[in-house]
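>>> take a look and give me a structure for this.
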Amino acid sequence: MFEEELAFAGDLAGAAGEIALSLFGTDLRVKLKPDHSPVTEADTSIEAMVRERVRERYPSDAVLGEEGGLEGGGSRRWIVDPIDATKNFADGVQIWGTLIALAVDDEPVLGVVNAPALGERYEAVRGGGARLNGQPIRVSRADRLNRAFVLHGSVELVLEGPYAAPLQEVFRDARRNRGFGDFWGHMLVARGSADAMFERELATWDFAAVQVIVEEAGGRVTTFEGGPLEHGGSVLSTNRVLHDEILARLKGSAW
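Modelled structure (predicted):
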């Protein structure tokens, strides 16, 4: 089910990669949006392309994008982050990607993450498993925090706010910890290279595709409180085995 849409999303991601690579490493003009997050020509060009192609192929479907917001209505919604990690993209760092998901009745059913500068494309459809460049991927089997490699999206996460103290304990007790922000940390969990990833202040387009891929790889994705992802906020992805232990350590805090 949704295999046709997955192939379409893959085509969109490939086209997005061509646009992005043609601009990556050039003298980009970076603008700041009202929330002070950056936007480049690549962001706007890719999202415009995705919106146009969705209108042509699935005219009844809605599109939700980081740059243009929601267009259309109905039970099916394409969700796109044209360049996740725009700051990396603008700075010439290869860790950036295009995230495309399809949600039906607000539930993400497929996701594609294309990171062309890394030569990696992740994809998943509900019930079909997750793949990296066409090969199946699976989360790790680490069953104790002291055996785990845990990641975070920003140093502020562990320095300030109500989660700072418990997260410091988690990172202290883990076998290893590093900061890998944006989609990249979650994909490392999905492929079994890392065991848990913490991020805060995510929007729907930041996590929809990521969620499907991690879960189809055998992982689990929730808020820091253990609830379902709905309209953004904190996101914890793990290899599933460690999830309850980590949530227990975070219990009693609220972002």
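
>>> can we go C-alpha only for contacts and neighbour counts from here?
OK.

>>> now the strands for the stretch 101-250 of the chain?
107-115, 120-125, 130-132, 135-137, 149-152, 176-179, 196-202, 220-222, 233-238 (DSSP state E, counting those that start in this stretch).

>>> mind checking these for the one nearest to Arg57?
Among these, strand 107-115 comes nearest to Arg57, with 16.8 Å by Cα to Cα.

>>> pull up the pairing partners for the closest one, direction included.
strand 97-104 (antiparallel), strand 120-125 (antiparallel) (DSSP bridges).

>>> can you pull the buried residues of whichever strand or helix holds Leu21?
Element membership for Leu21 (DSSP states H and E) is helix 3-23. Residues of helix 3-23 classed as buried: 5-6, 9-10, 12-14, 16-17, 19-20, 23 (neighbour count, 16 or more other Cα atoms under 10 Å).

>>> for stretch 30-37, what is the distance to the chain centroid?
Remark: stretch 30-37 is offset 20 Å from the chain centroid, using Cα atoms, centre = their mean, to the nearest Å.

>>> what's next to that stretch, contact-wise?
38-41, 90 (Cα atoms under 8 Å, 6 or more residues apart in numbering).

>>> which stretches in the stretch 51-200 of the chain count as helices?
With DSSP state H, counting those that start in this stretch as the criterion, the stretch 51-200 of the chain has helices at 86-91, 156-159, 164-173, 182-190.

>>> any idea which of those is most buried?
helix 182-190 (a mean of 26; mean count of other Cα atoms under 10 Å).

>>> then it to PDB, C-alphas only?
Taking Å, rounded to 0.1, in the frame of the first residue of the first chain, the C-alpha atoms of helix 182-190 are listed here in PDB:
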ATOM      1  CA  ASP A 182      18.400  17.800  12.400                       C
ATOM      2  CA  PHE A 183      17.500  14.600  10.500                       C
ATOM      3  CA  TRP A 184      21.000  13.100  10.600                       C
ATOM      4  CA  GLY A 185      20.900  11.900  14.200                       C
ATOM      5  CA  HIS A 186      17.600  10.200  13.700                       C
ATOM      6  CA  MET A 187      18.900   8.400  10.600                       C
ATOM      7  CA  LEU A 188      21.900   7.200  12.600                       C
ATOM      8  CA  VAL A 189      19.400   5.600  15.000                       C
ATOM      9  CA  ALA A 190      17.400   4.100  12.100                       C
END
